[in-house]
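Chemist: Prediction below, plus the sequence it came from.
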Amino acid sequence: MTAPALITLAHGSRDPRSAQTINALTEQVACLRPDIRVAAAFLDHSDPSLDDVVDRLVAEGHSEIVVVPLLLTEAYHAQVDVPQAAERAQARHDGVKIQVTKVLGIEGALFRVLDKRLRAALSDARVRELDALVLAGAGSSDPIANAMISRAARAWGSHHKLPTIAAFASSVPPAAGEAVRQHRADGRRHIAVGLMFLAPGQLPDRVTELALEAGAVAVAEPLGVDVEIAQIVLARYAVGAVDLVPIEALFA
């Protein structure tokens, strides 16, 4: 029996670095599981679309597809855009099953990747001392999504035993520059910024610019391509693949 195909579904960006990162991450997933047909798709701004990828997979003979949203919070895109895109794709193909999984979310593995990116930024900037951190996310009109970033900032700061402020690139305050200035007003001078973004783009670039202008000593790169993130994708896929199996078949 052929395993369900896997589609990694990202939001997409006008910045070509974003699609390059998503494609590289998807390729890493494929390398970890060469027995699975793996492809990347995008909701907006980048090609191919989910419709295009589903069409291609169906033409190859796949009748079961698991879609893993490459999103870090359960914000609007996860709640509305992803289900709508999956429903449109499903409606185009009778007899094809499409299962959408939970988003990647913010798990312990992401903090390990975040620390890798921060260590690299500190090394590049030749920074040996820190007395405060900022964790920056995209920001959302959904307060629950913003609360996830705030909780992540508290957890990250607790792990490193450093005061940590959550910042946001859009929708809600504080911006990264404001968060850095708040630390500086409290007497902190060695402030580094971590980015809770999966891929490069305009928003993380803006966070970096504002943080450095405000006096941050280093800003990490986005999470990017890492085997630990690829393993989260495969964990989501595994659950989605099981959900495609009829309940009666599980007990046959």
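Modeler: Thanks, I have the structure now.

Chemist: Tell me how many other residues crowd residue 87.
Modeler: A total of 11 residues lie near residue 87 under the criterion other CB atoms under 10 Å. For every residue, glycine as well, the C-beta is placed using N, CA and C.

Chemist: Residue 135 - that's part of a strand, no?
Modeler: Yes: judged by DSSP: H, G, I helix; E, B strand; the rest coil, residue 135 forms part of a strand.

Chemist: give the contact list for it.
Modeler: In this structure, residue 135 makes contact with 114, 149, 152-153, 156-157, 164-167, 193-194, 196, judged by CB atoms under 8 Å, 6 or more residues apart in numbering.

Chemist: which one among those residues gets closest to residue 89?
Modeler: residue 196 (28.4 Å; CB to CB).

Chemist: Run through the bridge partners of the nearest residue to the closest one once chain neighbours are set aside.
Modeler: The shortest distance from residue 196 to any residue other than its chain neighbours is 4.3 Å, reached at residue 137 (CB to CB, 6 or more residues apart in numbering). Counting by DSSP bridges, residue 137 is bridged to residue 168.

Chemist: can you list the weak-confidence ranges in the stretch 151-252 of the chain?
Modeler: Applying pLDDT under 70 to the stretch 151-252 of the chain flags residues 246-252.

Chemist: For it, which segments count as strands?
Modeler: Using DSSP state E, counting those that start in this stretch, the strands of the stretch 151-252 of the chain run over 164-168, 191-195, 218-219.

Chemist: Around the residue nearest to residue 196, count how many other residues there are.
Modeler: Neighbours of residue 137 under the rule other CB under 10 Å: 29.

Chemist: okay but it is in contact with residue 72, surely?
Modeler: Yes: in terms of CB atoms under 8 Å, residue 137 counts as a neighbour of residue 72; the distance is 7.2 Å.

Chemist: related to what we said a few turns ago, out of the contacts of residue 135, who has the most neighbours?
Modeler: residue 167 (30 neighbours).

Chemist: Verify the stated contact: it with residue 176.
Modeler: Yes: shown here, residue 167 and residue 176 form a contact pair, counting by CB under 8 Å, at 4.4 Å.

Chemist: Please identify every residue contacting each of residue 137 and residue 72.
Modeler: 148, 196-197.

Chemist: still on that earlier bit, can you add distance to residue 106 and give the strands of the stretch 151-252 of the chain back as a markdown table?
Modeler: Converted to a markdown table, the strands of the stretch 151-252 of the chain look like this (distance: least, CB to CB, whole Å):
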| stretch | distance to residue 106 |
| --- | --- |
| strand 164-168 | 12 |
| strand 191-195 | 12 |
| strand 218-219 | 19 |
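
Chemist: Of the ones you listed, which is nearest residue 46?
Modeler: Per CB to CB, nearest to residue 46 of these: strand 191-195, 19.6 Å.

Chemist: Just name whatever secondary elements that closest one is in contact with.
Modeler: helix 108-125, strand 132-137, helix 176-185, helix 202-214, strand 218-219 (3 or more CB pairs under 8 Å, 6 or more residues apart in numbering; DSSP states H and E).

Chemist: Could you say which of those is packed most deeply?
Modeler: Across those, averaging neighbours per residue (mean count of other CB atoms under 10 Å) puts strand 132-137 on top, at a mean of 28.

Chemist: and it, what's its mean pLDDT?
Modeler: For strand 132-137, mean pLDDT rounds to 98.

Chemist: ok, residue 206 to residue 58 distance?
Modeler: Separation of residue 206 from residue 58 (CB to CB, to the nearest Å) stands at 39 Å.
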